[in-house]
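# Here is my input, please return the structure:
(4 chains)
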Protein chains: 2
Amino acid sequence: MAVVREERADAARNRKAILEAADDLFATSDSPGEVSMDDIARAAGVGKGTLFRRFGDRGNLIRQVYAVRLAPLREQIESGPPPLGPDTPPRERVAAIIDAIAVVKLDNAHLMLALEEGGGPTSGVYGSADYVGVHGLLRDLVATELGVGRAGWIAHVLLATVRADLLRHVTEGEGMSHSAIRSCLRDFVDHTLDH
Amino acid sequence: MAVVREERADAARNRKAILEAADDLFATSDSPGEVSMDDIARAAGVGKGTLFRRFGDRGNLIRQVYAVRLAPLREQIESGPPPLGPDTPPRERVAAIIDAIAVVKLDNAHLMLALEEGGGPTSGVYGSADYVGVHGLLRDLVATELGVGRAGWIAHVLLATVRADLLRHVTEGEGMSHSAIRSCLRDFVDHTLDH
DNA sequence: GCATGATACGGACTGTTAGTCCGCTTGGCA
DNA sequence: TGCCAAGCGGACTAACAGTCCGTATCATGC
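Here you go, the predicted structure:
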């Protein structure tokens, strides 16, 4: 029976400082790929060794920062009230989830870009636990509407419509407003679930 | 009136050698991000200076390799016979284009991954001339079917369904066959253009 | 053929990055 | 207060994209 050691106070303090510094740097930098691990360590006021001891590698640090941002959304989906929570009819729930993901990504564009770009060649978007989780949920919801046949594929397509780089392109490159995007998404989801 | 100088014979030879070596390395490496410029130079039997003189940077080299692979498809679309060429009714043409893109990406998975990953943080998929071109064409075709309102958005969504990393995930991660993917895509395009 | 200048070559070099290592420090417990 | 596991930091390594410049090669005028 291994006794689980508490994290030491200084370690906890540093972990928090690193997450905050990274969040801030990713949020303010134009191109998240340009934020180096040294930058983050310096901004957090810790040594590089500390940073890597705590987070292992770049991809994992980014995923942790992202997890913090996404926790409220995930909780809403898993156990919140409608329209995100489990008591929602499948169709509205799919629409609400896609909309909520779009909102989070639009509001945290830089960070989400960092995740999808720099999540590392190791994993990419599709390897992450978050993707797998939300894909599974959507697949099941879609299956109740359209049958299991192509539900998995449809779920991938739905998620492809809210990829961070696509959202960035249509906002920054084409000047679409957030509300126009959400309205297109809403239409698209509705139409996709009509059969 | 500037006289356009011919490319010197040795330069032409080296350009060809580099393109072939790069194509081969990207095609055989599991993770195209791991193919370095030094590797390519060595495989081509040229110095690094030559490689960079000819291609400027990594992203551009990848785009050139990709352009070679894509030339036949582009030509078919621009001036070939139906179902890809301009004499095709819009609806079938959209379906044929998406299918053809999927086939090329499925057949050249590694290279396409290299392009989408490593095209550089500078551009990404959405910055490339190829993306812009095919998006514009699809947008116009979709507009003739559904009106201009959301045609641009729909065109992005159609292209998002044939992104190289998604295709890789469903083939390698989920074991979908190429024909199953193409059939899903076909259904999806048909349904998306129904209104 | 051969001289000559533009063109191209190649690999040593630079700058920057992710990630490692290890001697020193500190927090927590008896 | 003394002990030591846990944690710290920054010098270090390895690998990479991209640059530079002395040397070699090609094409052209004679």
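# now what about stretch A:132-148, what contacts it?
A:77, A:90-91, A:93-94, A:97, A:101, A:126, A:151-152, A:154-156, A:158-159, A:193, A:195 (CB atoms under 8 Å, 6 or more residues apart in numbering or on different chains). Glycine gets a C-beta too; all of them are placed from N, C-alpha and C.
# Just the buried ones from those residues?
Buried members of the contacts of stretch A:132-148, counted by 16 or more other CB atoms under 10 Å in any protein chain shown: A:77, A:90-91, A:93-94, A:97, A:101, A:126, A:151-152, A:154-156, A:158-159, A:193.
# Closest one of the residues you listed to chain B?
Chain B lies nearest to A:Tyr126 out of the buried ones among the contacts of stretch A:132-148, by CB to the nearest CB, at 3.9 Å.
# Would you mind giving the secondary structure of the closest one?
Three-state call for A:Tyr126 (DSSP: H, G, I helix; E, B strand; the rest coil): helix.
# A:Leu106 touches A:Leu167, doesn't it?
Yes. With contact defined as CB atoms under 8 Å, A:Leu106 reaches A:Leu167; the gap is 6.0 Å.
# among the buried ones among the contacts of stretch A:132-148, which are within reach of chain B?
Checking these against chain B by CB under 8 Å from any CB of the partner chain, the ones in range are A:126, A:152, A:154, A:156.
# and the third one, how far is that from B:Lys48?
Plainly put, A:Ile154 is 47 Å away from B:Lys48 if you go by CB to CB, to the nearest Å.
# The last one now?
When distance is defined by CB to CB, A:His156 is 40 Å away from B:Lys48.
# Leaving out chain neighbours, which residue sits closest to A:Arg15?
Leaving aside its sequence neighbours, A:Arg15 sits nearest to A:Arg54 (CB to CB, 6 or more residues apart in numbering or on different chains; 5.5 Å).
# who's in contact with that neighbour?
The contact partners of A:Arg54, by CB under 8 Å, 6+ apart, come to A:11, A:14-15, A:18.
# Whichever of those residues end up buried, select them in ChimeraX.
Remark: buried members of the contacts of A:Arg54, expressed as a ChimeraX selection using 16+ other CB under 10 Å:
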select /A:14,15,18
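# In CSV, please show the C-alpha coordinates belonging to whatever helix or strand A:Gly152 lives in.
Following DSSP states H and E, the helix or strand that holds A:Gly152 is helix A:151-160. In CSV, the C-alpha atoms belonging to helix A:151-160 read as follows (Å, rounded to 0.1, in the frame of the first residue of the first chain):
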residue,chain,number,x,y,z
ALA,A,151,-22.4,7.9,-37.0
GLY,A,152,-18.7,7.7,-36.4
TRP,A,153,-17.9,9.4,-39.6
ILE,A,154,-20.5,12.1,-39.1
ALA,A,155,-19.1,12.9,-35.7
HIS,A,156,-15.6,13.4,-37.2
VAL,A,157,-17.1,15.7,-39.8
LEU,A,158,-18.9,17.7,-37.1
LEU,A,159,-15.7,18.2,-35.2
ALA,A,160,-13.8,19.0,-38.3
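# which helices and strands does that helix pack with?
helix A:90-107, helix A:129-146, helix A:178-193, helix B:151-160, helix B:178-193 (3 or more CB pairs under 8 Å, 6 or more residues apart in numbering or on different chains; DSSP states H and E).
# one more time with 10 Å
Applying 3 or more CB pairs under 10 Å, 6 or more residues apart in numbering or on different chains; DSSP states H and E, one finds that helix A:151-160 contacts helix A:90-107, helix A:129-146, helix A:178-193, helix B:151-160, helix B:164-168, helix B:178-193.
# Understood, closing this out.
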